[in-house]
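K.L.:
Got a predicted structure here, sequence first:
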Amino acid sequence: MVADDLILPFQIEAPALRGRLVRLGPLADEILHRHDYPPSVARLLAEMLALAALLAGALKYEGVFTLQTSGDGPVRLMVADVTSAGALRGYAQFDASRLPPEGDASVPRLLGAGHLAFTVDQGDFTDRYQGIVELDGATLADCVHHYFRQSEQLQCALRLAVAQSGGCWRAGALMLQRLPPPADSAEAEVAEDGWRRALSFMASVRSAELTDADLAPEALLYRLFHEDGVRAFRRHALSAGCRCSRERVEQVLRAMPADELAALQAEGEAVITCEFCSRQYRFDRQTLESFAA
Ligand SMILES: [Zn+2]
(Lines give C-alpha, C1' and ligand atoms only; values in the text may rest on other atoms or scores of the structure.)
Protein backbone atom coordinates (compact mmCIF):
# COMPACT_ATOMS: atom_id res chain seq x y z
CA MET A 1 0.00 0.00 0.00
CA VAL A 2 1.24 3.47 -0.88
CA ALA A 3 0.49 6.77 0.83
CA ASP A 4 -3.12 7.92 0.93
CA ASP A 5 -5.29 10.65 2.43
CA LEU A 6 -3.05 13.56 1.59
CA ILE A 7 -2.52 16.83 -0.25
CA LEU A 8 0.71 16.89 -2.22
CA PRO A 9 1.77 20.36 -3.41
CA PHE A 10 4.13 20.45 -6.38
CA GLN A 11 5.83 22.72 -8.86
CA ILE A 12 6.54 22.16 -12.53
CA GLU A 13 10.00 23.64 -12.90
CA ALA A 14 10.32 24.94 -16.47
CA PRO A 15 7.17 27.05 -16.66
CA ALA A 16 7.12 27.60 -12.85
CA LEU A 17 3.56 26.38 -12.42
CA ARG A 18 2.10 25.39 -9.09
CA GLY A 19 -0.26 22.56 -8.45
CA ARG A 20 -1.65 20.11 -5.96
CA LEU A 21 -2.56 16.46 -6.02
CA VAL A 22 -5.16 15.12 -3.59
CA ARG A 23 -5.68 11.46 -2.85
CA LEU A 24 -8.39 10.13 -0.58
CA GLY A 25 -8.51 6.47 0.38
CA PRO A 26 -9.54 5.13 3.81
CA LEU A 27 -10.75 8.57 4.88
CA ALA A 28 -13.24 8.87 1.98
CA ASP A 29 -14.35 5.31 2.56
CA GLU A 30 -14.91 5.92 6.29
CA ILE A 31 -16.96 9.08 5.72
CA LEU A 32 -19.07 7.63 2.90
CA HIS A 33 -19.73 4.30 4.61
CA ARG A 34 -20.83 6.02 7.79
CA HIS A 35 -23.43 7.98 5.81
CA ASP A 36 -24.53 5.06 3.64
CA TYR A 37 -26.03 7.35 0.96
CA PRO A 38 -27.30 6.08 -2.41
CA PRO A 39 -24.32 5.65 -4.79
CA SER A 40 -25.01 8.78 -6.87
CA VAL A 41 -25.07 10.95 -3.72
CA ALA A 42 -22.03 9.21 -2.23
CA ARG A 43 -20.10 9.76 -5.44
CA LEU A 44 -20.95 13.46 -5.50
CA LEU A 45 -19.96 13.87 -1.84
CA ALA A 46 -16.66 12.09 -2.55
CA GLU A 47 -16.04 14.71 -5.25
CA MET A 48 -16.89 17.46 -2.76
CA LEU A 49 -14.43 16.06 -0.21
CA ALA A 50 -11.63 15.89 -2.79
CA LEU A 51 -12.44 19.40 -4.07
CA ALA A 52 -12.51 20.85 -0.55
CA ALA A 53 -9.05 19.42 0.12
CA LEU A 54 -7.80 20.63 -3.27
CA LEU A 55 -9.03 24.21 -2.81
CA ALA A 56 -8.06 24.42 0.87
CA GLY A 57 -4.56 23.36 -0.14
CA ALA A 58 -4.31 26.51 -2.27
CA LEU A 59 -4.89 28.81 0.70
CA LYS A 60 -2.90 29.86 3.68
CA TYR A 61 -5.30 29.88 6.60
CA GLU A 62 -5.68 28.89 10.23
CA GLY A 63 -9.20 27.67 10.76
CA VAL A 64 -11.85 26.02 8.63
CA PHE A 65 -12.34 25.98 4.88
CA THR A 66 -15.90 25.10 3.83
CA LEU A 67 -17.21 24.18 0.42
CA GLN A 68 -20.99 24.12 0.09
CA THR A 69 -23.57 23.60 -2.63
CA SER A 70 -27.23 24.54 -2.40
CA GLY A 71 -29.73 24.00 -5.16
CA ASP A 72 -33.30 23.12 -6.12
CA GLY A 73 -32.42 19.59 -7.29
CA PRO A 74 -32.86 16.31 -5.38
CA VAL A 75 -29.58 16.97 -3.50
CA ARG A 76 -30.51 20.29 -1.92
CA LEU A 77 -27.37 20.76 0.16
CA MET A 78 -23.85 19.40 0.34
CA VAL A 79 -21.13 20.52 2.71
CA ALA A 80 -17.49 19.52 2.98
CA ASP A 81 -15.05 21.24 5.29
CA VAL A 82 -11.40 20.87 6.14
CA THR A 83 -9.44 22.39 9.01
CA SER A 84 -5.94 23.75 8.58
CA ALA A 85 -4.86 20.72 10.65
CA GLY A 86 -6.22 18.43 7.93
CA ALA A 87 -9.48 17.11 9.47
CA LEU A 88 -12.02 16.56 6.69
CA ARG A 89 -15.75 15.86 6.95
CA GLY A 90 -18.89 16.25 4.86
CA TYR A 91 -22.57 15.43 4.42
CA ALA A 92 -25.43 15.75 1.96
CA GLN A 93 -29.14 16.50 2.37
CA PHE A 94 -31.33 15.03 -0.33
CA ASP A 95 -34.82 13.93 -1.25
CA ALA A 96 -34.49 10.22 -2.05
CA SER A 97 -37.80 10.13 -3.94
CA ARG A 98 -36.54 12.72 -6.43
CA LEU A 99 -33.15 11.11 -7.17
CA PRO A 100 -32.72 10.22 -10.85
CA PRO A 101 -31.91 6.63 -11.84
CA GLU A 102 -28.30 5.61 -11.11
CA GLY A 103 -25.95 6.62 -13.89
CA ASP A 104 -27.53 10.02 -14.41
CA ALA A 105 -25.29 11.93 -12.04
CA SER A 106 -24.70 15.32 -13.65
CA VAL A 107 -24.73 18.48 -11.54
CA PRO A 108 -27.87 19.89 -13.25
CA ARG A 109 -29.73 16.63 -12.62
CA LEU A 110 -28.66 16.11 -8.98
CA LEU A 111 -28.13 19.64 -7.68
CA GLY A 112 -30.36 21.63 -10.03
CA ALA A 113 -30.04 25.38 -10.16
CA GLY A 114 -28.22 26.94 -7.25
CA HIS A 115 -24.88 28.02 -5.91
CA LEU A 116 -21.47 26.79 -4.96
CA ALA A 117 -19.88 28.73 -2.15
CA PHE A 118 -16.69 28.55 -0.22
CA THR A 119 -15.83 30.16 3.03
CA VAL A 120 -12.70 30.50 5.09
CA ASP A 121 -13.42 30.96 8.78
CA GLN A 122 -10.40 31.86 10.85
CA GLY A 123 -12.20 32.45 14.13
CA ASP A 124 -14.18 35.27 15.69
CA PHE A 125 -11.74 38.09 15.25
CA THR A 126 -10.88 37.94 11.57
CA ASP A 127 -12.89 38.55 8.42
CA ARG A 128 -14.57 35.63 6.77
CA TYR A 129 -13.58 35.26 3.18
CA GLN A 130 -16.33 34.04 0.91
CA GLY A 131 -16.54 33.20 -2.77
CA ILE A 132 -19.80 32.28 -4.46
CA VAL A 133 -20.75 31.25 -7.99
CA GLU A 134 -23.80 29.82 -9.74
CA LEU A 135 -23.80 26.09 -10.35
CA ASP A 136 -22.82 26.21 -13.99
CA GLY A 137 -21.39 23.04 -15.47
CA ALA A 138 -21.99 19.33 -15.89
CA THR A 139 -19.62 18.41 -13.04
CA LEU A 140 -18.49 19.95 -9.76
CA ALA A 141 -15.02 20.43 -11.26
CA ASP A 142 -16.63 22.46 -14.07
CA CYS A 143 -18.46 24.61 -11.51
CA VAL A 144 -15.23 25.37 -9.63
CA HIS A 145 -13.50 26.10 -12.89
CA HIS A 146 -16.32 28.48 -13.75
CA TYR A 147 -15.72 30.30 -10.47
CA PHE A 148 -12.05 30.88 -11.20
CA ARG A 149 -12.79 31.97 -14.76
CA GLN A 150 -15.31 34.47 -13.51
CA SER A 151 -13.23 35.80 -10.63
CA GLU A 152 -10.24 36.25 -12.97
CA GLN A 153 -7.88 35.91 -10.01
CA LEU A 154 -6.32 32.75 -11.18
CA GLN A 155 -6.16 30.63 -14.28
CA CYS A 156 -6.48 27.02 -13.29
CA ALA A 157 -7.20 23.54 -14.54
CA LEU A 158 -8.80 20.75 -12.54
CA ARG A 159 -9.28 17.01 -12.79
CA LEU A 160 -11.38 14.98 -10.42
CA ALA A 161 -12.03 11.25 -10.18
CA VAL A 162 -13.99 8.98 -7.85
CA ALA A 163 -13.92 5.20 -7.87
CA GLN A 164 -15.29 2.33 -5.87
CA SER A 165 -13.10 -0.73 -5.94
CA GLY A 166 -13.61 -3.82 -3.83
CA GLY A 167 -16.40 -1.97 -2.02
CA CYS A 168 -14.04 0.85 -0.96
CA TRP A 169 -14.46 4.45 -2.04
CA ARG A 170 -11.50 6.39 -3.35
CA ALA A 171 -11.10 9.87 -4.79
CA GLY A 172 -8.33 11.78 -6.51
CA ALA A 173 -7.97 15.34 -7.71
CA LEU A 174 -5.37 17.36 -9.54
CA MET A 175 -5.15 21.12 -9.93
CA LEU A 176 -2.75 23.32 -11.83
CA GLN A 177 -2.67 27.06 -11.40
CA ARG A 178 -1.05 29.85 -13.25
CA LEU A 179 -0.01 33.26 -12.04
CA PRO A 180 -0.62 36.38 -14.18
CA PRO A 181 1.70 36.32 -17.24
CA PRO A 182 4.93 38.39 -17.17
CA ALA A 183 4.77 41.88 -18.71
CA ASP A 184 7.62 41.16 -21.12
CA SER A 185 6.07 39.76 -24.31
CA ALA A 186 8.84 37.20 -25.04
CA GLU A 187 8.64 35.88 -21.46
CA ALA A 188 4.88 35.85 -21.68
CA GLU A 189 5.06 33.70 -24.80
CA VAL A 190 7.36 31.19 -23.08
CA ALA A 191 5.01 31.13 -20.08
CA GLU A 192 2.03 30.56 -22.39
CA ASP A 193 3.81 27.65 -24.10
CA GLY A 194 4.68 26.11 -20.73
CA TRP A 195 1.09 26.42 -19.55
CA ARG A 196 -0.29 24.79 -22.70
CA ARG A 197 2.22 21.95 -22.44
CA ALA A 198 1.31 21.36 -18.79
CA LEU A 199 -2.38 21.33 -19.72
CA SER A 200 -1.80 18.70 -22.37
CA PHE A 201 0.19 16.55 -19.90
CA MET A 202 -2.61 16.97 -17.42
CA ALA A 203 -5.24 16.04 -20.01
CA SER A 204 -3.45 12.73 -20.48
CA VAL A 205 -4.12 11.58 -16.90
CA ARG A 206 -6.69 8.81 -16.67
CA SER A 207 -9.29 8.75 -13.90
CA ALA A 208 -8.00 5.32 -12.88
CA GLU A 209 -4.54 6.83 -12.29
CA LEU A 210 -5.95 9.54 -10.02
CA THR A 211 -7.57 6.90 -7.81
CA ASP A 212 -4.95 4.12 -8.14
CA ALA A 213 -4.13 2.84 -4.64
CA ASP A 214 -0.93 1.20 -5.89
CA LEU A 215 0.53 4.28 -7.53
CA ALA A 216 2.52 6.61 -5.26
CA PRO A 217 1.39 10.23 -5.67
CA GLU A 218 4.93 11.39 -6.46
CA ALA A 219 5.21 8.67 -9.13
CA LEU A 220 2.02 9.90 -10.77
CA LEU A 221 3.35 13.48 -10.89
CA TYR A 222 6.60 12.26 -12.41
CA ARG A 223 4.71 10.21 -14.98
CA LEU A 224 2.70 13.26 -16.04
CA PHE A 225 5.13 16.16 -15.88
CA HIS A 226 8.71 14.80 -15.94
CA GLU A 227 9.48 16.35 -19.34
CA ASP A 228 9.40 19.83 -17.81
CA GLY A 229 10.78 18.77 -14.45
CA VAL A 230 8.47 18.37 -11.50
CA ARG A 231 9.22 18.82 -7.83
CA ALA A 232 6.92 17.55 -5.12
CA PHE A 233 6.86 19.33 -1.77
CA ARG A 234 6.00 17.99 1.66
CA ARG A 235 2.79 15.99 1.90
CA HIS A 236 -0.01 17.30 4.11
CA ALA A 237 -1.82 14.48 5.85
CA LEU A 238 -5.62 14.45 5.91
CA SER A 239 -7.88 12.57 8.31
CA ALA A 240 -11.59 12.03 8.80
CA GLY A 241 -12.56 14.25 11.71
CA CYS A 242 -15.63 15.93 13.14
CA ARG A 243 -15.73 18.89 15.51
CA CYS A 244 -19.12 18.20 17.03
CA SER A 245 -19.40 17.83 20.82
CA ARG A 246 -22.06 17.55 23.50
CA GLU A 247 -21.24 21.13 24.55
CA ARG A 248 -21.96 22.47 21.06
CA VAL A 249 -25.25 20.61 20.77
CA GLU A 250 -26.20 21.95 24.23
CA GLN A 251 -25.52 25.49 23.05
CA VAL A 252 -27.90 24.97 20.12
CA LEU A 253 -30.62 23.58 22.40
CA ARG A 254 -30.23 26.43 24.90
CA ALA A 255 -30.64 28.93 22.06
CA MET A 256 -33.87 27.30 20.82
CA PRO A 257 -37.19 29.19 20.96
CA ALA A 258 -39.09 28.24 24.14
CA ASP A 259 -41.98 26.53 22.30
CA GLU A 260 -39.64 24.26 20.31
CA LEU A 261 -37.76 23.33 23.46
CA ALA A 262 -41.08 22.65 25.20
CA ALA A 263 -42.06 20.33 22.34
CA LEU A 264 -38.83 18.35 22.85
CA GLN A 265 -39.50 18.15 26.61
CA ALA A 266 -43.00 16.85 25.92
CA GLU A 267 -41.47 13.94 24.00
CA GLY A 268 -39.50 13.06 27.14
CA GLU A 269 -36.15 12.80 25.38
CA ALA A 270 -34.27 14.48 22.55
CA VAL A 271 -31.83 12.64 20.31
CA ILE A 272 -29.74 14.99 18.19
CA THR A 273 -27.72 13.42 15.40
CA CYS A 274 -24.66 15.18 13.96
CA GLU A 275 -25.18 15.42 10.21
CA PHE A 276 -21.47 15.23 9.52
CA CYS A 277 -20.54 12.11 11.51
CA SER A 278 -23.91 10.59 12.55
CA ARG A 279 -22.91 10.65 16.23
CA GLN A 280 -25.98 10.80 18.48
CA TYR A 281 -26.41 13.02 21.51
CA ARG A 282 -29.19 12.15 23.95
CA PHE A 283 -30.81 14.57 26.38
CA ASP A 284 -33.42 13.44 28.93
CA ARG A 285 -36.41 15.52 30.01
CA GLN A 286 -34.73 16.78 33.17
CA THR A 287 -31.71 18.06 31.24
CA LEU A 288 -33.95 19.69 28.62
CA GLU A 289 -35.93 21.43 31.37
CA SER A 290 -32.73 22.84 32.79
CA PHE A 291 -32.05 24.51 29.40
CA ALA A 292 -35.29 26.45 29.55
CA ALA A 293 -34.16 28.48 32.55
ZN1 LIG B 1 -20.06 15.13 14.26
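P.N.:
Right, received. Where do you want to start?
K.L.:
When you work out contacts or count neighbours from here on, use the C-alpha atoms and nothing else.
P.N.:
Will do.
K.L.:
I'd like the distance between the spatially closest residue to Cys244 that is not a sequence neighbour and Gln280.
P.N.:
What sits nearest to Cys244 in space, not counting adjacent residues and going by C-alpha to C-alpha, 6 or more residues apart in numbering, is Cys274, at 7.0 Å. As defined by C-alpha to C-alpha, to the nearest Å, Cys274 lies at a distance of 6 Å from Gln280.
K.L.:
what secondary structure does Ala262 sit in?
P.N.:
helix (DSSP: H, G, I helix; E, B strand; the rest coil).
K.L.:
in which helix or strand would I find Leu54?
P.N.:
helix 39-56 (DSSP states H and E).
K.L.:
And for that helix, what's in contact with it?
P.N.:
7, 20-24, 28, 32, 36, 65-67, 75, 78-82, 88-92, 102-103, 105, 140-141, 160-162, 169-175 (C-alpha atoms under 8 Å, 6 or more residues apart in numbering).
K.L.:
The residue in the stretch 1-150 of the chain positioned nearest to the ion: neighbouring residues, count only.
P.N.:
Nearest residue of the stretch 1-150 of the chain to the ion (C-alpha to the ion) works out as Arg89 at 8.5 Å. Close neighbours of Arg89, defined as other C-alpha atoms under 10 Å, add up to 27.
K.L.:
swap in Asp184?
P.N.:
8.
K.L.:
so how far is Ala191 from it?
P.N.:
Distance, Asp184 to Ala191, using C-alpha to C-alpha: 10 Å.
K.L.:
Flag every buried residue along the strand or helix carrying Ala219.
P.N.:
Secondary structure assignment for Ala219, by DSSP H and E: helix 217-225. By neighbour count with 16 or more other C-alpha atoms under 10 Å, helix 217-225 contains the buried residues 217-218, 220-222, 224-225.
K.L.:
Return the member of these nearest to the ion.
P.N.:
Pro217 (29.7 Å).
K.L.:
tell me the contacts of that closest one?
P.N.:
Counting by C-alpha under 8 Å, 6+ apart, Pro217 touches 3, 8, 21, 23.
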